[in-house]
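>>> Here is my input; please provide its structure:
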Amino acid sequence: MASIGEVARRAGVSITTVSRVLNPVSEYPVAAATRRRVLAAAAALQYSPSALARALVTRRSRMVGVLLGDIADPYFAEIVRGIEDVARRSGYLVVVCNTSRDPGTERRYVTALRDYRADAIIFLGGDIFDAPTRRALERELISLTSYGAVALAVAGDHADLPAIDIDHTAGAEDMVRYLIGLGHARIGYISGPLTVSTARYRHQGYINAMTAAGLAADLVEEGDFAYAGGQAAALELLKREPTAIFAGNDQMALGVLAACRACAIAVPGDVSVVGFGNTSAAEHAVPALTTVSMPRHQLGVEAMQAVIDALELEKPRIYPRRLPFHLVIRESSGPPLLARIGKPTRRRARSSTAASASV
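Numbering: from 1, shown residues only. Below is the predicted model of the structure:
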């Protein structure tokens with residue numbers, strides 16, 4: 001079998017140029033005439049590049065593993081898109097692994113990626129702490145760094161790794177202050193699973209803002225970051241007559257909108273509904289969802305660029321950073337009805353009856 005050096009000599013180019021032309025994911029610019037010469041030489045010599053051989057020579061697999069909690073959640077899709085946009089241009093293959101927020105599954109993926117000599121592992125979303133699994137994960141991460149790979153967290157902290165993220169607590173505080181500014185005092189909150197660090201940070205932000213305003217932070221239900229969990233939690237909260245419901249992510253907020261429709265509760269006329277994340281589904285919801293906007297694509301872009309920059313160092317290192325967030329105000333939020341008309345609402349009797357009937 002011909003070697004890459006023979007292809008380079010036949011085409012009259014360097015081995016590096018041959019590698020750039022034949023790498024299926026590289027977008028490095030190569031002149032069209034040069035590309036044609038390389039491809040013709042490779043075809044004439046029946047040369048087929050081996051990714052494994054390339055990895056053995058360069059000691060780099062050009063593979064990046066991305067671990068996320070729920071592959072069906074659109075929250076993660078935009079982050080992965082940002083990672084992929086940068087990785088593709090730089091000739092890296094991205095392997096996406098769905099952990100189902102299970103620490104054991106996560107650790108097994110890390111082991112597999114280490115065995116494939118992945119150059120980097122990027123953890124998306126909040127940490128789920130499980131002491132025995134954590135110790136095993138930490139051993140795997142030490143093994144990764146021993147051969148020059150890097151690991152980092154994005155959109156949440158993870159195993160004390162450097163993180164590229166936003167301030168989740170501050171984001172939740174800003175949203176609650178916005179609702180209080182509209183005149184809401186009975187603000188319900190639906191958290192994500194409190195075993196997940198980002199869910200705890202956002203919940204703490206709700207508590208902080210409510211407490212600072214002298215309001216009770218007791219209208220709380222724990223959800224699961226999923227649509228159905230948000231809907232079920234909302235049906236419970238609506239029995240306690242909130243004037244606004246803040247869901248800890250957009251998927252649950254969409255479930256809240258569904259619960260309100262089932263109970264014939266107008267949004268935002270009777271209850272304001274807000275979320276966290278600013279997914280495309282939030283923008284296209286009816287009514288369009290007010291939410292905390294995270295720069296999710298940019299988080300992915302900066303994470304992958306940080307990986308590439310770190311791998312060019314003699315001792316790879318990634319520095320943590322925080323990106324800005326902002327509120328996106330849409331049609332799902334407004335002043336409470338009492339603040340607008342100054343008298344009791346008919347919604348309360350209606351929602352209590354409807355909620356009871358749905359249980």
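>>> which stretches of this protein have low pLDDT?
When residues are selected by pLDDT under 70, those of the chain lie in 1, 24-26, 49-59, 129-130, 339-359.
>>> Using the record's assignment, carve it into domains.
4-49, 61-166+296-324, 168-293+329-358 (automatic domain parsing).
>>> Can you add mean neighbour count and give those domains back as JSON lines?
The way it works is simple: take the backbone N, C-alpha and C, and place the C-beta from them, glycine included. Formatted as JSON lines, the domains of the chain follow (neighbours: other CB atoms under 10 Å):
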{"stretch": "domain 4-49", "mean neighbour count": "16"}
{"stretch": "domain 61-166+296-324", "mean neighbour count": "19"}
{"stretch": "domain 168-293+329-358", "mean neighbour count": "20"}
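>>> What segments of the stretch 151-300 of the chain are helices?
Counting by DSSP state H, counting those that start in this stretch, the stretch 151-300 of the chain has helices at residues 168-182, 197-212, 227-238, 250-262, 280-284, 296-311.
>>> Which among those is found nearest to residue 87?
Closest to residue 87 of these, according to CB to CB: helix 296-311, at 5.3 Å.
>>> tell me the SS of the most centrally placed residue in the chain?
The centroid of the chain falls nearest to residue 76 when counting by CA atoms, centre = their mean (3.7 Å). Judged by DSSP: H, G, I helix; E, B strand; the rest coil, the three-state class of residue 76 is helix.
>>> Name all residues that make contact with it.
If a contact means CB atoms under 8 Å, 6 or more residues apart in numbering, then residue 76 has 68, 69, 70, 124, 125, 155 as its contacts.
>>> let's see it at 7 Å
68, 70, 124, 125 (CB atoms under 7 Å, 6 or more residues apart in numbering).
>>> go on, residue 305?
Shown in contact with residue 305 (CB under 7 Å, 6+ apart): residue 86.
>>> returning to that earlier point: let me have the helices of the stretch 151-300 of the chain in TSV, extended by distance to residue 106.
Listed next are the helices of the stretch 151-300 of the chain as TSV, based on distance: least, CB to CB, whole Å:
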stretch	distance to residue 106
helix 168-182	20
helix 197-212	14
helix 227-238	21
helix 250-262	20
helix 280-284	26
helix 296-311	17
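>>> who wins for proximity to residue 46 among those?
Residue 46 sits nearest to helix 296-311 of all these, at 32.4 Å, using CB to CB.
>>> quick one on the thing from earlier: of the helices of the stretch 151-300 of the chain, which is nearest residue 272?
Per CB to CB, nearest to residue 272 of these: helix 168-182, 6.6 Å.
>>> Any idea how far the closest one is from the middle of the chain?
21 Å (CA atoms, centre = their mean, to the nearest Å).
>>> Stretch 234-250 too?
Counting by CA atoms, centre = their mean, stretch 234-250 comes out at 23 Å from the chain centroid.
>>> again, but for stretch 124-144
Distance, centroid of stretch 124-144 to centroid of chain: 18 Å (CA atoms, centre = their mean).
>>> Alpha carbons only: can I get that stretch in PDB?
Provided in PDB are the C-alpha atoms of stretch 124-144 (Å, rounded to 0.1, in the frame of the first residue of the first chain):
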ATOM      1  CA  LEU A 124     -22.600  20.000  28.900                       C
ATOM      2  CA  GLY A 125     -25.000  20.900  31.700                       C
ATOM      3  CA  GLY A 126     -24.900  20.800  35.500                       C
ATOM      4  CA  ASP A 127     -23.000  18.300  37.700                       C
ATOM      5  CA  ILE A 128     -24.800  15.300  39.300                       C
ATOM      6  CA  PHE A 129     -22.800  14.400  42.400                       C
ATOM      7  CA  ASP A 130     -22.600  10.700  43.300                       C
ATOM      8  CA  ALA A 131     -19.700  10.000  45.600                       C
ATOM      9  CA  PRO A 132     -18.600   6.500  44.400                       C
ATOM     10  CA  THR A 133     -19.000   7.300  40.700                       C
ATOM     11  CA  ARG A 134     -17.300  10.700  41.200                       C
ATOM     12  CA  ARG A 135     -14.200   9.000  42.500                       C
ATOM     13  CA  ALA A 136     -14.100   6.700  39.500                       C
ATOM     14  CA  LEU A 137     -14.700   9.700  37.200                       C
ATOM     15  CA  GLU A 138     -11.900  11.600  38.700                       C
ATOM     16  CA  ARG A 139      -9.500   8.700  38.100                       C
ATOM     17  CA  GLU A 140     -10.600   8.600  34.500                       C
ATOM     18  CA  LEU A 141     -10.000  12.300  34.100                       C
ATOM     19  CA  ILE A 142      -6.500  12.000  35.600                       C
ATOM     20  CA  SER A 143      -5.800   9.300  33.000                       C
ATOM     21  CA  LEU A 144      -7.000  11.600  30.200                       C
END
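>>> Can you give the contact residues for it?
66-69, 76, 79, 101, 103-104, 107, 110-111, 114, 121, 151, 154-159, 195-199.
>>> cool, stretch 318-331 as well?
So stretch 318-331 is contacted by 150, 152, 162-167, 171, 174-175, 178, 278, 287-295, 298-299, 306, 310 (CB under 7 Å, 6+ apart).
>>> go on, stretch 104-123?
With CB under 7 Å, 6+ apart as the criterion, stretch 104-123 contacts 55, 60-67, 83, 97, 99, 133, 136-137, 140, 143-144, 147, 149-154, 158, 161, 303, 307, 311.
>>> Off-centre distance for that stretch?
Counting by CA atoms, centre = their mean, stretch 104-123 comes out at 18 Å from the chain centroid.
>>> Helices along the stretch 1-150 of the chain, start to end?
Using DSSP H, counting those that start in this stretch, helices in the stretch 1-150 of the chain cover 4-11, 15-22, 32-44, 51-58, 74-89, 103-115, 131-146.
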